[in-house]
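Engineer: what shape does this take:
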Amino acid sequence: MELLTVLQLLLFVVLLLFSALFSSSETALFSLDKLTLERMRQQHHPKLALIQTLLNEPRRLIVTILIGNELVNVAASNISATLVMQYMGSTDSWWVNIFVMLPILLLFGEITPKTLAVRNNDVVSGWVARPITLFAKSVTPLRRVVRMISELLIHLITMGRKRSVANLVTEDLVRTLADEAAGDGDLDEVEAEYIHNIIEFGNQTVEEVMTPRSNMVTLNMDDTMEEVLNVLRTERVSRVPVFDEENEEVVGVLYYRDLLSNDLDQFKNMEELRSILRRPYYVPETKPILDLMHNFREKKRSLALILDEYGGTIGMVTMGDLLESIFGDIHDPEDPDNDATVESLENGCYRLDGNLDVEQANLLMQADFDTQISDTIAGLLMHAHGELPEEGSVIPLGEWCFRITRMEGTRIMEAMGCHAGRVMGRVGCAALLEEGLDVKVVPLQKLDEAPPQGAAVAGVAAIIEQPASVEPLPATDGAAQEPEEALTVLEGQMVPAEPADEAVQGLGSDADLSDSPHENKGV
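Structural biologist: You can find the predicted model right below:
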């Protein structure tokens, strides 16, 4: 082999290595994100300063890399073509250049270096930082000419319009990235949900997160001191708006700590507490919750009353409500409202609070109620009934049958619901109303368990007006019934057995108060 041929082969290999250098440097440097750079800074990476200098001028860097890559690729192609012509002749050399030399250039000069660089971008960036810096200085005149020509062409193509950087990252893009990261396992589903909630946080108004007036815990100016203390103890709130019933105006906000800082014996009624009431903070219903959070921080407040366009108080919002719009429901284990708002009864029946969230009801009851109609069960039943129901009203809702068991004024406080298809295979409210049977509360953990054989059909006694006389069904397996599960028949009517455990007791006078300024206590 002639010396010239050997030199040409060596030069081709060197050019191939330079091609790999430029290809890998482009991928490695431009794939570095802020987190990787911060990690390199914490690890005191020796080439971090050079890397950051290159990345500070990305257009200068990309032009430099492309110039170097094109120069070595063109030179390598010419040398490979010369070598092939020397051994194959000009007639047959074209197919060797296309099917042999081109794959070699792609494999060793582009694909392999870029793949390794994207997998180890921090390591490869350290390797290429010094060579790229030196090459950038050596081709400065050529780079300036190329950059000037490219900018002129870009100006002609875009007609001088500049793309706004703000449009490069949209809310939809962030949502998509969060969903993809959750799907790949890089983020928990909860973390992805937080990202979605944070994006929505900036688009919501206080009207969407407020506690409605009908659900607010309030005091009246004509309340006695005993009534005031009873509300604070039983509701476990630390701030309560005080209303004047005559003109429906908020007189002030009573802070529990202000009350404790005074001698309680000196007060006999709310009128005497007027001097320690704090001035209410009002905001319009259209105020963005992000602005309200800033106001809370600046004014050192955590409660605001919401006004409609006519100046009437329609609700209240707290810092806790704002945080829940991001993190979801924040439950206090000492909050009485955290007791189960849905009780599971035997054979597909449930006792529900009116302010139970529809989505939560769907989860606990394995139902499919429409969440677009209303946020609460009370609103859903009101919509299905078409008018204000009364205690005892029976409301069919798809495969479910509800009976209103407790009303307070115009508010549905409690309802009983049965799934017709789960009660002995019967369908529809009419079938549930044919006979009255016992009701027994079972733990929510047993929602998915099949009802025991021989157990009475549950939940219907709370739906009908006059329960019929029904004898207990015998157990099919011959097992003796437990005493607490036995049914008592008195004068043609069946009554429920004594519960094994006592009902949830009311709070004592020494109950601790939470910092939550209010909680929903009804609908």
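
Engineer: rest of the way, CA atoms for contacts and neighbours
Structural biologist: Will do.

Engineer: might you list the low-confidence residue ranges for the stretch 201-350 of the chain?
Structural biologist: Scanning the stretch 201-350 of the chain for pLDDT under 70 picks out the ranges 247, 329-341, 346-348.

Engineer: need the longest helix for this protein.
Structural biologist: Identified as the longest helix of the chain according to DSSP state H is helix 58-96.

Engineer: list the helices and strands it packs on?
Structural biologist: Counting contacts by 3 or more Cα pairs under 8 Å, 6 or more residues apart in numbering; DSSP states H and E, helix 58-96 packs against helix 3-30, helix 121-138, helix 140-158.

Engineer: so which of those gets nearest residue 82?
Structural biologist: Between residue 82 and these, the shortest gap by Cα to Cα is with helix 3-30, which sits at 8.8 Å.

Engineer: angle of that closest one against helix 58-96?
Structural biologist: Inter-element angle recorded for helix 3-30 and helix 58-96: 140 degrees (by axes from the mean of the first three to the mean of the last three Cα atoms, to 10 degrees).

Engineer: may I see the buried residues of helix 3-30?
Structural biologist: Residues of helix 3-30 classed as buried: 8-9, 11-12, 15-29 (neighbour count, 16 or more other Cα atoms under 10 Å).

Engineer: next, format the helices and strands packed on helix 58-96 as TSV and append distance to residue 46 and mean pLDDT.
Structural biologist: Formatted as TSV, those follow (distance: least, Cα to Cα, whole Å; pLDDT from 0 to 100):
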stretch	distance to residue 46	mean pLDDT
helix 3-30	15	90
helix 121-138	8	93
helix 140-158	25	88
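
Engineer: could you chop the chain up by domain?
Structural biologist: Taking automatic domain parsing as the domain assignment, the ranges for the chain are 3-162, 171-201, 206-327, 340-495.

Engineer: distance between the shortest one and the chain's centre?
Structural biologist: The chain centre lies 8 Å from the centre of domain 171-201; the measure is Cα atoms, centre = their mean, to the nearest Å.

Engineer: would you mark the buried spots in it?
Structural biologist: Within domain 171-201, the residues that count as buried by 16+ other Cα under 10 Å are 175, 178-179, 181-182, 191-197, 199, 201.

Engineer: and those residues, which of them are in helices?
Structural biologist: Short answer: the buried residues of domain 171-201 in helices (DSSP H) are 175, 178-179, 181-182, 191-197, 199, 201.

Engineer: I'd say residue 281 and residue 304 touch.
Structural biologist: Yes: if you go by Cα atoms under 8 Å, residue 281 and residue 304 touch, sitting 5.1 Å apart.

Engineer: give me the local confidence score for the residue nearest in space to the middle of the chain.
Structural biologist: With distances taken as Cα atoms, centre = their mean, the residue of the chain nearest its centroid is residue 193 (3.2 Å). pLDDT for residue 193: 83.

Engineer: same check on the one 4 residues further on?
Structural biologist: Note on residue 197: pLDDT of 83.

Engineer: contact partners for the residue lying closest to it once chain neighbours are set aside?
Structural biologist: In this structure, residue 197 finds its nearest non-sequential neighbour in residue 326, 4.9 Å apart by Cα to Cα, 6 or more residues apart in numbering. By Cα atoms under 8 Å, 6 or more residues apart in numbering, the contact set of residue 326 is 194, 197, 198, 201.

Engineer: which two among those residues are spaced furthest apart?
Structural biologist: Spatial extent of the contacts of residue 326 (Cα to Cα) is set by the pair 194 and 201 at 10.1 Å.

Engineer: surely residue 318 is in contact with residue 306?
Structural biologist: No: at 10.6 Å, residue 318 and residue 306 do not qualify as touching, with contact defined as Cα under 8 Å.

Engineer: in TSV: the buried residues of domain 171-201, plus distance to residue 148.
Structural biologist: Listed next are those as TSV, based on distance: Cα to Cα, whole Å:
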residue	distance to residue 148
175	38
178	39
179	41
181	40
182	43
191	46
192	44
193	46
194	45
195	42
196	43
197	45
199	40
201	44
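
Engineer: out of those, who's nearest residue 252?
Structural biologist: Of all the buried residues of domain 171-201, residue 252 sits closest to residue 201, with 28.9 Å by Cα to Cα.
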